[in-house]
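# this one's structure only:
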């Protein structure tokens, strides 16, 4: 709690001197009660003074019942006399004493002084003294009544037996009011001592009956809630004061717990009014959160204690009582639910722990397993009871938290002991399958137990499958041994029924069948082959277990195939020289003794052979030059001929001396021979019969690298060896020189075998030869046709080159055309860039079947169109043919028509104003012909893009332009003159006058005198 509580508690409060009665827990005036002025309602102001008693006088824990209120109090002074008087006697005595004192005073004064006035004064003095005696006697009545109440309660063995009638009898006996300050202080003191005695002693917890006792005693005393609340606050102060005096950590913790118990009990005693009757926060600086924690923790403790009284035989009455207890303890539903589930988990853990201890005991026997199952059955029974109570019609009146049990969560360590829980689940499943079948109720119980133990679906399923598999194997073995399975007409129905009885998945059963078959097969092939008896036994097993043929083939391919693969690897690793008769015998034995199909055996052999082929290819590609690469490829060809070919024959059971049948490709090869028969390199790959006999039998072509290498790599390897066959072996000698050794045609036969190893088709091989011949022909032809000109001498030279290379005539012509076309395209492009090519020449080229679209780029064709249009606008004729410009020329140049129109319009607008400026400039230079030509260009631009009348600063110059054009030779067309008049802005009268003038603009300077600018 906040340390500031210390200062708040220790704040000095001056005691009130008004009360002569001191309480062990209160100041001399613990309650200052002032009655309000209202006659109908009395309201009291309660002060909370600091207790004046020491810690030795105030025990923290409750004392014995006989010592709760201490010893009886003794009467002093007038109190014994007052105690013996009844209210009437006391009243009469008071009257007698007062009368006697008055009479005695009057008589004494009259006797001594002889004066009546003095006698009256003496009577008054004596009466005052008597009144003082009477007042003293009456004022002692409340104290006597309080002492009487204290002594009465102290004499009772059980203070809780005090009733409200007892209190009223004592008050009426002494004629005092219960609201009297001293009497009320004694009642508060009795209540305070009782509450202290009811609260648990040090080291103890609440029992749950404290609130009921305190409420009952408070009602018996008739004490109001504000007065009772002040006593609770005083007890809290006393606890904090003792906390200061303790000074030890353990003592401080105990004081904290004692205060939390007080706060909780006080909250239950006063109910909803506790929030304003018990100002913990204002007086002791205790936050609302701390108050809530105190209430919550003590409520949890009381509810947990109440739950301990409930076992696995819980019933509806217990659940209703728990619900009532929860509400009375002010415990939230969430916390009550958690506590109830933790309790049910604890109950289940007792059985689980017992089952585990039996399961793990070293002296475990058959009876021990029954004990384990019995404990688990108790857990399941308890779980079913909770589930059924949850679905009860009056479940809303039951304790919260009803439902299935789960060991996951809470304070248990079973989450870290999942292996132990799996053992329990396995034990239960094993017991459920002990009879060889499993009932429906056991399946439900297994599902519930899985949820209780907190096992995952996959974990539980794995355990169930494992145990069920063993049970299935056991029943299957019994069925096979006894002959029941073999005697069945429908073995599949028998196996299906067996799976249904065990609730076992048919696919998993098939997997077991396959495993059994594999084990048998593995056992039979230990000597490297299968005998007829073995095959018959396997067939019988396959029929009984209904194993599909596909599964059988896969098992043989894997088991027998692994043995055969080992034999093949040993045979291949022996190399070219090590594949002898003994090795061939072992291969034949393995291939036929293991009863492998030809496809499976060939697949295994192909995999091993291709691995070796790949190593040769890797070394060939890593070689330094073409000769070294060809040598590695030649080794691969030899390995294929001497090892792989022999091994394939042994697998097939054929004789190695028998010539393999080549696939029939007559039509394809004949067609290719007719088309490419002139290729020398291709002819040499198909040698004559004499050379073939000299080289021996060809290698096999069933195992290839077609699927292991990309097409590009296979073609490159073939091309490398082909170049080696063409160029020969190159040997380098010192000083950078090299010697080329030509090979005979036998290398081409090896090349043909290499094509088979690489998996190349006839078409691919032909394309390689053609491509190589084409490449050689192109290199020489490009040198001959360097300038792109094809003369007669060059044609003869190219024909000779074609014969040397062996390239067919159509292919050679295609290469020549490609070279000349490329050269011509470059020349045309250069001519266009330099402006040496016009539209007329373009049309001539098109008539000569020259494809301009492929030779000239679009940008260059657009540039040529713009130049052609510019020439039209600057020709000086004044003509503009729209069809020619907008359709014919774009069609000849293969450009977009709309784009061409845009180019024409932009060019016409820019040329229009430039033509006028140029005409005026030539006018000033007195160049009549140039003026007429420029005005014609202006009219041509106007035809392309009709224009508005043009403006010029010197109008006389426009008139001179019109005059010169209208009188030019040859005479222009009238429509041109009229259009020029419109464009120059000359009216009809001015035009008529200019036409009627005999002298031209360019008359002599002597006649005109000057020239108008």
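Now that the structure is in, tell me what you want to look at. Values in this document were obtained by computation on a predicted structure and should not be read as measured data.
# Tell me how far residue 504 lies from residue 476.
Taking CB to CB, to the nearest Å as the measure, residue 504 falls 10 Å from residue 476. From N, CA and C alone the C-beta is placed, and that goes for glycine too.
# residues bridging contact with the two, i.e. touching both?
Taking CB atoms under 8 Å, 6 or more residues apart in numbering as the criterion, residue 504 and residue 476 both touch residue 498.
# surely residue 228 meets residue 190?
No: under the criterion of CB atoms under 8 Å, residue 228 is not in contact with residue 190, lying 11.3 Å apart.
# more crowded one of these two?
Counted by other CB atoms under 10 Å, residue 228 and residue 190 do not tie: residue 190 has more neighbours, with 26 against 23.
# Just give the nearest non-adjacent residue to the more buried one, would you?
In space, and not counting its chain neighbours, residue 190 is closest to residue 153: 5.6 Å by CB to CB, 6 or more residues apart in numbering.
# Could you identify the helix or strand that succeeds the strand or helix carrying the one you found?
Element membership for residue 153 (DSSP states H and E) is helix 116-155. Remark: after helix 116-155, the chain's next helix or strand is helix 164-174, criterion DSSP H and E.
# How far does that next one sit from its chain's centre?
78 Å (CA atoms, centre = their mean, to the nearest Å).
# go on, stretch 421-433?
For stretch 421-433, the distance to the chain centre is 36 Å (CA atoms, centre = their mean).
# who touches it?
Here stretch 421-433 makes contact (CB under 8 Å, 6+ apart) with 352, 355-356, 359, 369-370, 372-373, 376, 407, 414, 438-439, 442, 445-446, 449-450, 453-455, 459-460, 463-464, 466-468, 471, 502.
# check which helix or strand covers residue 968.
Applying DSSP H and E, one finds residue 968 in no helix or strand.
# can I assume it is in contact with residue 932?
Yes: assessed by CB under 8 Å, residue 968 is found in contact with residue 932 at 4.6 Å.
# hey, where'd the helices end up in the stretch 151-300 of the chain?
164-174, 181-198, 210-221, 225-246, 249-270, 274-277, 280-284, 288-307 (DSSP state H, counting those that start in this stretch).
# Same question for the stretch 451-600 of the chain.
Counting by DSSP H, counting those that start in this stretch, the helices of the stretch 451-600 of the chain are 457-482, 484-487, 491-502, 506-524, 532-545, 549-573, 575-578, 581-593, 598-621.
# rewinding a little: so if I had to pick from residue 968 and residue 932, which one is more boxed in?
residue 932 (21 against 17).
# List the contacts of that one.
876, 964-965, 968.
# Likewise for residue 626?
Contacts of residue 626 (CB under 8 Å, 6+ apart): 720, 723-724, 727, 730.
# And residue 593, by the same measure?
528-530.
# most surrounded residue in the residues you listed?
Going by other CB under 10 Å, residue 530 tops those with 19 neighbours.
# Could you check how many residues crowd around residue 496?
14.
# before we move on, what about residue 334?
By other CB under 10 Å, the residues close to residue 334 number 10.
# which stretch of helix or strand covers it?
Residue 334 belongs to helix 333-359, assigned by DSSP H and E.
# got the buried residues for that helix?
Across helix 333-359, burial judged by 16 or more other CB atoms under 10 Å covers 335-345, 347-349, 351-352, 354-356, 358-359.
# Need the pLDDT of residue 595.
If you check residue 595, the pLDDT there is 83.
# For it, what are phi and psi?
phi 60, psi 40 (degrees, to the nearest 10).
# any idea how far residue 546 is from it?
For residue 595 relative to residue 546 (CB to CB), the value is 21 Å.
# swap in residue 936?
Applying CB to CB to residue 936 and residue 546 gives a distance of 105 Å.
# Looking at the two, which one has more neighbours?
residue 936 (24 against 16).
# quick one, what contacts the more buried one?
875-878, 976.
# Redo those as a markdown table? Include neighbour count.
Formatted as a markdown table, the contacts of residue 936 follow (neighbours: other CB atoms under 10 Å):
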| residue | neighbour count |
| --- | --- |
| 875 | 14 |
| 876 | 16 |
| 877 | 12 |
| 878 | 22 |
| 976 | 19 |
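# now the helices for the stretch 801-950 of the chain?
Using DSSP H, counting those that start in this stretch, helices in the stretch 801-950 of the chain cover 809-834, 839-847, 852-855, 858-873, 882-883, 889-893, 897-924, 928-944.
# Which strands and helices lie in contact with the fourth one?
In this case it means helix 858-873. helix 809-834, helix 839-847, helix 889-893, helix 897-924, helix 928-944 (3 or more CB pairs under 8 Å, 6 or more residues apart in numbering; DSSP states H and E).
# ok, 7 Å please
helix 809-834, helix 889-893, helix 897-924, helix 928-944 (3 or more CB pairs under 7 Å, 6 or more residues apart in numbering; DSSP states H and E).
# ok, residue 931 touching residue 922?
Yes: assessed by CB atoms under 7 Å, residue 931 is found in contact with residue 922 at 4.7 Å.
# Compare neighbour counts for the two and give me the winner.
residue 931 (25 against 20).
# Could you tell me what pLDDT the model assigned to that one?
The model reports residue 931 with a pLDDT of 85.
# Same check on residue 320?
Residue 320 is given a pLDDT of 90.
# residues in contact with it?
Counting by CB atoms under 7 Å, 6 or more residues apart in numbering, residue 320 touches 397-398.
# how far away is it from residue 312?
Taking CB to CB, one finds residue 320 at 18 Å from residue 312.
# for residue 328, same thing?
25 Å.
# Check residue 355 too.
Applying CB to CB to residue 355 and residue 312 gives a distance of 15 Å.
# Also residue 724?
When residue 724 is compared with residue 312 (using CB to CB), they lie 92 Å apart.
# Reformat the helices and strands packed on helix 858-873 as TSV; add distance to residue 513.
Shown next, in TSV, are these (distance: least, CB to CB, whole Å):
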stretch	distance to residue 513
helix 809-834	65
helix 889-893	80
helix 897-924	78
helix 928-944	93
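# how about those, which one is nearest residue 649?
Nearest of the helices and strands packed on helix 858-873 to residue 649, taken as CB to CB: helix 809-834 at 40.9 Å.
# Could you give the average pLDDT over the closest one?
Per-residue scores along helix 809-834 average to 70.
# With stretch 234-241 instead?
84.
# try stretch 777-788
Computed over stretch 777-788, the average pLDDT equals 72.
# so what's residue 843 up against?
Contacts of residue 843 (CB under 7 Å, 6+ apart): residue 892.
# Residue numbering should commence at 763 henceforth.
All right, first residue 763 from here; so that's residue 1605.
# Check which helices and strands the helix or strand in which residue 1411 is found sits against.
Remark: residue 1411 resides in helix 1407-1414, with elements defined by DSSP H and E. Packing partners of helix 1407-1414 (3+ CB pairs under 7 Å, 6+ apart): helix 1343-1355, helix 1360-1383.
# quick one: buried residues of the first one?
Buried residues in helix 1343-1355, counted by 16+ other CB under 10 Å: 1345-1346, 1348-1350, 1352-1353, 1355.
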